[in-house]
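>>> pasted the sequence and its predicted model underneath.
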Amino acid sequence: MAGAVAGGGALLSASLQVLFDRMASRDVLTFLRGQKLSATLLRNLQLKLLEVQAVLNDAEAKQITNSAVKDWVDELKDAVYDAEDLVDDITTEPLRRTMEYDSQTQVRNIIFGEGIESRAEEITDTLEYLAQKKDVLGLKRGVGEKLSQRWPTTSLVDESGLCGRDGDKEEIVKFLLSHNASGNKISVIALVGMGGIGKTTLAQVVYNDRKVVECFDLKAWVCVSDEFDLVRITKTIVKAIDSGTSENSSDENDLNLLQLKLKERLSRKKFCLVLDDVWNENYNNWDRLQTPFTVGLPGSKIIITTRSDKVASVMRSVRIHHLGQSLFAKHAFENGDSSLHPELQEIGKEIVKKCKGLPLAAKTLGGALYSELRVEEWENVLNSETWDLPNDEILPALRLSYYFLPSHLKQCFAYCSIFPKDYEFEKENLILLWMAEGFLDQSASKKTMEKVGDGYFYDLVSRSFFQKSSSHKSYFVMHDLINDLAQLVSGKFCVQLKDGKMNEIPEKFRHLSYFISEYDLFERFETLTNVNGLRTFLPLNLGYLPRLRHLDIRHSKVKEMPSQLGQLKSLQKLTNYRVGKESGTRVGELRELSHIGGILRIKELQNVVDGRDPSEANLVGKQYLDDLRLEWNDDDGVEQNGADIVLNNLQPHSNLKRITIQGYGGLRFPDWLGGPAMLMINMVSLRLWRCKNEVETVGAEFYGTDSSSTKPSFVSLKALSFCDMPKWKEWLCLGGQGGGFPRLKELYIQHCPKLTGDLPDHLPLLTKLEIEECKQLVAPLPRVPAIRELSTRMSRGVFSRSPASDFMRLESLITSDISQWTELPPVLQKLWIENANTLDNTCLKDLTIRNCSFPEPCVEFVYPLH
């Protein structure tokens, strides 16, 4: 491939399509009719947007080298943001009118309608100006300039460039020389990694290895690139095979004739084929290409290099090899020897750390410093924030990965420029951010928004834009150069605030991340009060920001919520909310935040002074919440007047999946928690923690009004936890199949020293049960046929009335007493016991025995353990 066309119009095309759909929605049209505004108002705006959209492909490509075009694209983005804000105001206005109806409403409605008309005309004028400017800039419809020149790869290689890859080479050569373990005649190995990681170089070295050359009858190298042209690829393979024979390869372009010729050449031959730089994700294309390969002898191999795990999967790779290493020393020092310059060597080590495994980065940095012996120059490179390298050799390799992304992934990736380098993020949190921005297209799918976002996320993972954190397995990070790329494509609209330098923030930014320090002052953020277009702010200290959609303050030391939080009607994620003391922020401030979703943690509920205030929060109307955490301060001396009323008035929507009640000091649990009405029908997790003050009985209100009912109350519940409840004495268990918990899989009862009542009789699906430090609990274990993990530490009154043979699936047991058993469950792998009399089992892998006395020696018992 000689070059790559910038496709998709990147961020703007996807944003415009969403905007067009919203402008044509029933809510918008209804508003226009109600205000007696002409439908042509938005129609003219849409026409101008379509006019500039037509040249987006060309503009996206030219902006890389033409600063005037880059300015034009930024102006257009700003106009699109303004149009989105306009539509936001139109769609949320009916809610505002409902909540704020009074005698002045009609006057305000007229003023608002006139304001909408004026803003729409202003945006249209801006687009008219941009439409004229596009002609001056020479932007064309439906075309895109070529990106920086990329010549086709060849099989020739300078092996000295493989520094540090001996292990990779040895592993792949070994695979090529092996028999096909997959059972197929042909095996495919994929070399996967981001642009510039060294995939092609490794493939070249392996392809030319002497043992590989001697092992195969035929070899061929094809540079595939983004256009998976079956005719061209097949013709190239045929020519490569014929190049060493007297046969002449024709310039035939008929795929059928070419495949017949290739099939003839490969028949009963053992071949090795390299397909370099593959982007194809269509299985049908691969299936058609590989048809002639099946006539080759067993042991034939195909090597592909790609940036995408999905490509590797589509091409049925039996092995996927991910790459990473550095070439810095080779290119920075003569003969690759850094020992003569120890001071530079130490700086070089720090530079290599910044490269984080990307050979192209190390090679370019090393080349920039070759023969440069001045320490200050090396330190300049080390401390450079952007690594301003000669001819910008790194980013073009990565830009290709970005330009070939589908448009819906482009905007999701560009948004990630809000994250600082080395920032570790959670998948679920990022998906909620995308959801708040309207990036997730659910229109053509029956999937939930979360499922759509999950697919987007792993598409970016498979293309090496995100990678697993090395320190936290549930988190992800972006390579520093990938982060640079995100900032490049997002432009001035996503900002990371560093060192509190508010004066360096662009005028029309829309997304701001800021990680608070111990000495932050509110005054530092006063300039934000005039920024009406801000949509994302991390974390706090804000004025009136009506466009804000995401507010994450989980890791801050915020002691007071902003007084105008209730006016953030566009907010779609609010991680934490702290109820203020006395005249501080009320929980009722949440009333109009009807779009918030994901996790919401409400803290300091003991500060609620009016029992009606929680009702005003309207949690029951917040249908997008998945996880609700309600917390009281349970420290000694802290009063919780009216906690029962507060909790009862915080009834959530029935869509809620997880709820935690912590520090609650009321006498009883609310009616909405369980019961025949099944208000919480979708709840899968319930945690009752540190309810220290008053709760002595968990009974009728927990299940509903009729504790004798045999109808399950928690039909979806999978995890139930009671922890740190010092006054809890009795659990009035519901009878019937499943004891009210027909789908419960995990049950935790911990640190409940006064509990004396019964446990649920039968939990058919329970796989994990932990009863710890419940010293007065005297009760038989439930019937738990599916149990895999069981712990009854420091709860000696809990006993099993069933023989060990009833625990056929038990794998882990931690207990204080198994005196009722004369043998252990048959598949037990881990055991911790105290005060036992006899044992007879040979399948243990992990055994701890304390304070035990055995009537006979244990030599035979211990012997099988390894």
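Perfect, thanks for sending it. Residues are numbered from 1 along each chain as shown.
>>> which helix or strand contains residue 303?
Using DSSP states H and E, residue 303 sits in strand 300-306.
>>> what packs against that strand?
helix 166-177, strand 186-192, helix 199-207, strand 271-278, helix 309-314 (3 or more CB pairs under 8 Å, 6 or more residues apart in numbering; DSSP states H and E). Where you see a C-beta, it was placed from the backbone N, CA and C, and this is true even at glycine.
>>> for the ones you listed, give me JSON lines that also has mean pLDDT.
Output for the helices and strands packed on strand 300-306, formatted as JSON lines (pLDDT from 0 to 100):
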{"stretch": "helix 166-177", "mean pLDDT": "84"}
{"stretch": "strand 186-192", "mean pLDDT": "89"}
{"stretch": "helix 199-207", "mean pLDDT": "88"}
{"stretch": "strand 271-278", "mean pLDDT": "92"}
{"stretch": "helix 309-314", "mean pLDDT": "87"}
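>>> tell me which of these lies nearest to residue 511.
Residue 511 lies closest, by CB to CB, to one member of those: helix 309-314, at 28.2 Å.
>>> what strands line up against the helix or strand hosting residue 790, and which way round?
In this structure, residue 790 sits in strand 789-792 according to DSSP H and E. Under the criterion DSSP bridges, strand 789-792 sits next to strand 768-772 (parallel), strand 812-815 (parallel) in its sheet.
>>> what are the contacting residues of the first one?
Put plainly, it is strand 768-772. Applying CB atoms under 8 Å, 6 or more residues apart in numbering, the contact partners of strand 768-772 are 745-751, 763, 777, 781-782, 784, 787-795, 798.
>>> in strands only, show me those.
Among these, the ones falling in strands (DSSP state E) are 746, 747, 748, 749, 750, 789, 790, 791, 792, 798.
>>> what's around the fifth one, how many residues?
Translated: residue 750. Residue 750: 19 surrounding residues under other CB atoms under 10 Å.
>>> run through the residues that contact it.
721, 722, 723, 724, 770, 771, 772, 773, 774.
>>> part of a strand, is residue 758?
No. Per DSSP: H, G, I helix; E, B strand; the rest coil, residue 758 lies outside any strand segment and is coil.
>>> report the buried residues of stretch 271-279.
The neighbour-count check on stretch 271-279 (16 or more other CB atoms under 10 Å) flags 271, 272, 273, 274, 275, 276, 277, 278, 279 as buried.
>>> going by distance to residue 40, which of those residues wins?
Closest approach to residue 40 among these (CB to CB): residue 279, at 43.7 Å.
>>> for the closest residue to that closest one other than its chain neighbours, give its distance to residue 288.
Nearest residue to residue 279 in three dimensions, chain neighbours excluded: residue 226, at 4.6 Å (CB to CB, 6 or more residues apart in numbering). Noted for residue 226: a distance of 18 Å to residue 288, by CB to CB, to the nearest Å.
>>> I'd like the buried residues of stretch 271-279 laid out as a markdown table, including distance to residue 193.
Converted to a markdown table, the buried residues of stretch 271-279 look like this (distance: CB to CB, whole Å):
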| residue | distance to residue 193 |
| --- | --- |
| 271 | 25 |
| 272 | 21 |
| 273 | 20 |
| 274 | 16 |
| 275 | 16 |
| 276 | 13 |
| 277 | 12 |
| 278 | 13 |
| 279 | 14 |
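>>> so who does residue 316 touch?
Counting by CB under 8 Å, 6+ apart, residue 316 makes contact with 188, 286.
>>> mind redoing it with 7 Å?
Contact partners of residue 316, counting by CB atoms under 7 Å, 6 or more residues apart in numbering, are residue 188.
>>> gap between it and residue 551?
To residue 551, residue 316 is 46 Å away according to CB to CB.
>>> swap in residue 318?
47 Å.
>>> the two - which one has more neighbours?
Per other CB under 10 Å, whichever of residue 318 and residue 551 has more neighbours is residue 551, with 26 against 16.
>>> do I have it right that that one meets residue 571?
Yes. At 6.3 Å, residue 551 counts as touching residue 571 under the criterion of CB atoms under 7 Å.
>>> residues in contact with residue 228?
280, 285.
>>> separation between it and residue 304?
12 Å.
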